Every structure is written in C-alpha cells, then in structure tokens.
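Enquirer: using only what follows, build the 3D model:
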Amino acid sequence: MEEWRGAALVRLKSEAVREAILASAAKEISANGYLDTTIGRIAKGAGIAPSNVYVYFESKLQIYFTIYEPWFKTQFAVLERTVSKQSTRQKKINALVQGILRDIADDKTGYTAALMEALAAVKPKDKYRPDLLAWAEERIEDIVVQSIGGYHHGHPDLKAFAHLMMLTFDGSALRAKILRANAQEDKTMEAVEAMLKQIIMVPQDEPAGRENSAAV
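Expert: Residues are numbered from 1 along each chain as shown. Below you'll find the model as predicted:
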C-alpha cells in the first residue's frame, strides 16, 4: 500500500510540474511571442530548473503545439457551431471564411501570431509534422459538407478550397501581426475574403458533386 501511494504521489507531482510548464509557456508566448520566449523563462515561471523542462518536452516547439493544438481545435468547434446556426447559405459561407481569417488568424491571445514565428524558426531537429494543418483542412471540408452543402467529401474543388483557406490563414495571421505592431489597418482582407467566398459559392441548382454529363 505504501509503495502504491508513493507511486501515485510521484505521478501527481509529475503532472503538476508538466502543467506548470505549460501554464508558464502559455503566459510567456501570449505576452512575448514565440521567438522571445525561452526555455529559461518558461522554467523560471514554472519554478523549476531549465534542464527539468526537457524531462517533459523535447523542445520549445513541442511545448508550443501542446498549448496551441487544443486551443485551435476548440476554436474550430466554436466556428462549426456558428456556421451551422446561420440562416442562409451565403451567411454560412461568410461565417466560415471570416471565422477562420479574422477570429482565429487574428486572435487576441497571441497564439496564432506565435504560430507564424514558430513555423519560420522550425529546424530539422524540431521534428515538425504538419498534422494540425491536415486536420484543419479536413475540418473545413467537413463544415462545408455538413453545414453549408453543395459539395461532397473528396471533391477536388472543395479540397483545393480548404487548402487555399489555410494558405490564406497563414498569410492573414502574419499580416495581422505586422499591422498590429505598426498600428495599421488592413485594407485588403475584404477583397481576399470575397474571392474565397466566390470560390466556394456553388449555385444550389448546380451541386458541385454532380458528374459532368458532357464527359465521354
């Protein structure tokens, strides 16, 4: 029994340290960005030695994505609910495009701005994998199919739209970071959003999934 209690205590303490690291990193990244956040500052905020951080995480990039991924997926869950509640197809498309390019890309936590810094600083040793990007593109497809309509899963135009949305997401997030730093307003995003909305807007009487009757 004593041995079991001791193991449980170690497990609880370990989880507490891990959570302290993540809490410290989240605070630092939100306030200072990814590049200016160091393992030393994260460790100091967590009340541990810098070397102890590597007991729990391989790199600063891994720490960052451990924070960003659940936050990002939560934002997509909110977005999906928002899109589904809209009364018309046009409003659903507006909610999807603006939700990604404004609410998530230009979020006030600073997490997405930090993403741009993190990706720009990725090195081979960081072992970066674009799994979250692939997940986001799949979720965009799901939202269109389930809430907006006009397409079916796997349609090449829909896949292209999802990919283009995430490419624009990266550019929008980077642009928002730069403009905010210089206290400037973005004069071009409305035009970009309009183009994206036009791409996905399929007439209701001409569903995108229909086979081309002229094909031989």
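
Enquirer: for Leu79, give me its contacts.
Expert: Contact partners of Leu79, counting by Cβ atoms under 8 Å, 6 or more residues apart in numbering, are 95-96, 99-100, 103-104, 143. (C-beta placed from N, C-alpha, C; glycine too.)

Enquirer: from Gln98, how far out is it?
Expert: 10 Å (Cβ to Cβ, to the nearest Å).

Enquirer: quick one: Gly99 from Trp135, how far?
Expert: Using Cβ to Cβ, one gets 16 Å for the distance from Gly99 to Trp135.

Enquirer: the more surrounded of those two?
Expert: Between Gly99 and Trp135, Gly99 has the larger neighbour count (other Cβ atoms under 10 Å), namely 19 against 14.

Enquirer: I'd assumed Ala113 was in contact with Asp170.
Expert: No: if you go by Cβ atoms under 8 Å, Asp170 and Ala113 don't touch, sitting 11.3 Å apart.

Enquirer: and Lys125, what pLDDT?
Expert: We have a pLDDT of 84 for Lys125.

Enquirer: no wait, Glu138
Expert: 97.

Enquirer: can you check Met116 too?
Expert: pLDDT, Met116: 89.

Enquirer: show me what counts as buried in the helix or strand containing Pro70.
Expert: Using DSSP states H and E, Pro70 maps to helix 60-84. Judged by neighbour count (16 or more other Cβ atoms under 10 Å), helix 60-84 contains these buried residues: 60-61, 63-68, 72, 75-76, 79-80, 82-83.

Enquirer: I'd like the mean pLDDT over that helix, please.
Expert: On average, helix 60-84 scores 97.

Enquirer: show the contacting residues for Glu117.
Expert: Contact analysis of Glu117 by Cβ under 8 Å, 6+ apart lists 33-35.

Enquirer: make it 10 Å
Expert: 29, 33-37, 64, 174, 177 (Cβ atoms under 10 Å, 6 or more residues apart in numbering).

Enquirer: that one and His152, how far apart?
Expert: Counting by Cβ to Cβ, the separation of Glu117 from His152 is 37 Å.

Enquirer: now swap in Asn32 and tell me
Expert: 44 Å.

Enquirer: in this protein, which spans are helices?
Expert: Remark: helices assigned in the chain by DSSP state H are 2-32, 39-46, 50-56, 60-84, 89-98, 111-120, 131-143, 156-181, 189-200.
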